[in-house]
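Structure, please.
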Amino acid sequence: MLSGLYGPVSVSADQGFRATVRARQLGVVRVSAVDCPAAEVRGTPGPGGARAARYHLVLAPGGEAVLEQAGRSVRVGARGPVLLDTDRPFRLHLTRPRNTVVTAHLPWAERDGLQGLVARELPGREPLALLVAEFLSGLARDETPYGPIDELRLATAVTELARTLLDHRLGDDEGPAAPVLLGRIQLYILDHLDDRRVTPDQVAAAHHISTRYLHRLFQGQELTVAAWIKAQRLERCRRDLTDPALRHLPVHTIGARWGFAQPADFSRAFRAAYGITPTGFRAGALPAQKQCAPRQRQVSAVPADSTS
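Sure, this is the predicted structure:
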């Protein structure tokens, strides 16, 4: 029964061992819960290449478990998931008389840096890890029949939460996923520049990370998060001020459409960045637009591939 969840396994337990398995298939994602007594589960992968669902997030909302893999040992609890690779040998010790283990089977054959996270403690007391754990536990208990579209949305939610959690941990280790997460965040900001509510706190919340961690991601960009947002908004304003099709719009309207609520604030910010007021820039006070380069250093481009 457990082989269907973790691949080829052997179970060592008292005589009469019985496990109850509940599984929910959500497109390419499967969330399952196993209720069983104390036991030792050994994963014994067979020959062949990596499977499409080799990585699993595991947590134990009931009882206690210890995962051993890749020369590491980690306690599996209720507050934060642990990463398991079923294409490598492992041992899962279920230590209590009754245990409940929830597993999310992720549709990833391989991702950069994941091997370094196998059988390691992920952020277990931070809001993001708790959110992932509660969401997966809730899905495992949920018996609501969902239609295909809702199942697809739930599968997307599981994979995005898992990706964000693991990217967060990789970022703490300055691993290769940190630039990818930064690129994803920058693209999000660019898509929401016209929303005045976009602030560092809002951006962090939208990506299920702490504001402190968001600032860490931007440390190599030579601008703070707030300054990066302002610089992108000013660049959109500068572009619109040179657009003949928008000549009929007042200067303050162009500033407002890119998040500058007060005309005076827009004028000061534009002058600080470009050395001229937005009205003067539009009037052609400079001989050529190319001479109007920002005074502040521009940030690096968003990575081309930011959807890993």
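
alpha carbons only for contacts and neighbour counts from here, please
Noted.

partners of the residue nearest to residue 56 when sequence neighbours are not counted in the sheet?
What sits nearest to residue 56 in space, not counting adjacent residues and going by CA to CA, 6 or more residues apart in numbering, is residue 105, at 4.7 Å. Taking DSSP bridges, one obtains residue 30, residue 56 as the residues bridged to residue 105.

so who does residue 105 touch?
Residues counted as contacts of residue 105 (CA atoms under 8 Å, 6 or more residues apart in numbering) are 29, 30, 31, 53, 54, 55, 56, 57.

Which pair of these spans the longest distance?
31 and 54 (13.8 Å; CA to CA).

still on that earlier bit, could I get the contacts of residue 105 as CSV with pLDDT and neighbour count?
As requested, those are exported to CSV (pLDDT from 0 to 100; neighbours: other CA atoms under 10 Å):
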residue, pLDDT, neighbour count
29, 89, 21
30, 90, 21
31, 93, 25
53, 60, 20
54, 82, 19
55, 89, 24
56, 91, 25
57, 93, 21
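
pLDDT below threshold where in the chain?
Under the criterion pLDDT under 70, the flagged ranges of the chain are 1-8, 46-53, 109-113, 123-125, 168-178, 208, 285-308.

how does it divide into domains?
3-173, 176-303 (automatic domain parsing).

Quick one: list the elements packing against the helix or strand in which residue 212 is found.
Following DSSP states H and E, one finds residue 212 within helix 211-217. With contacts taken as 3 or more CA pairs under 8 Å, 6 or more residues apart in numbering; DSSP states H and E, helix 211-217 sits against helix 177-191, helix 200-206.

Could I get the buried residue list for the last one?
Counting neighbours by 16 or more other CA atoms under 10 Å, one finds that the buried residues in helix 200-206 are 200, 201, 203, 204.

Check stretch 84-99 too.
84, 85, 86, 87, 89, 90, 91, 92, 93, 94, 99.

mind checking which helix or strand the closest residue to residue 101 other than its chain neighbours is in?
With sequence-adjacent residues excluded and distances taken as CA to CA, 6+ apart, residue 101 is closest to residue 60, at 4.4 Å. Residue 60 belongs to strand 55-62 when elements are defined using DSSP H and E.

What lies in contact with that strand?
Residues from elsewhere that reach strand 55-62, judged by CA under 8 Å, 6+ apart: 76-86, 98-109, 133, 137, 162.

right, and the helix or strand after it?
Next element after strand 55-62 (DSSP H and E): strand 65-69.

report the angle between the axes of that following strand and strand 55-62?
Computed by axes from the mean of the first three to the mean of the last three CA atoms, to 10 degrees, the angle separating strand 65-69 from strand 55-62 equals 160 degrees.

Can you spell out which helices and strands pack onto strand 65-69?
Contacts defined by 3+ CA pairs under 8 Å, 6+ apart place strand 65-69 against strand 72-76, strand 90-94.

And it, how far out from the chain middle?
Between the mean C-alpha location of strand 65-69 and the chain-wide mean there is a distance of 25 Å, by CA atoms, centre = their mean, to the nearest Å.

ok, now stretch 22-31?
Averaging C-alpha coordinates over stretch 22-31 and over its chain gives two centres that are 20 Å apart (CA atoms, centre = their mean).

got the CA coordinates for that stretch in PDB?
Extracted as PDB, the C-alpha positions of stretch 22-31 are listed here (Å, rounded to 0.1, in the frame of the first residue of the first chain):
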ATOM      1  CA  ARG A  22      -6.300   8.700   1.800                       C
ATOM      2  CA  ALA A  23      -5.200  10.200  -1.500                       C
ATOM      3  CA  ARG A  24      -6.400  13.100  -3.600                       C
ATOM      4  CA  GLN A  25      -5.300  13.500  -7.200                       C
ATOM      5  CA  LEU A  26      -5.200  17.100  -8.300                       C
ATOM      6  CA  GLY A  27      -4.000  17.000 -11.900                       C
ATOM      7  CA  VAL A  28      -0.300  16.300 -11.800                       C
ATOM      8  CA  VAL A  29      -0.200  16.800  -8.000                       C
ATOM      9  CA  ARG A  30      -1.200  14.200  -5.400                       C
ATOM     10  CA  VAL A  31      -1.800  14.900  -1.700                       C
END
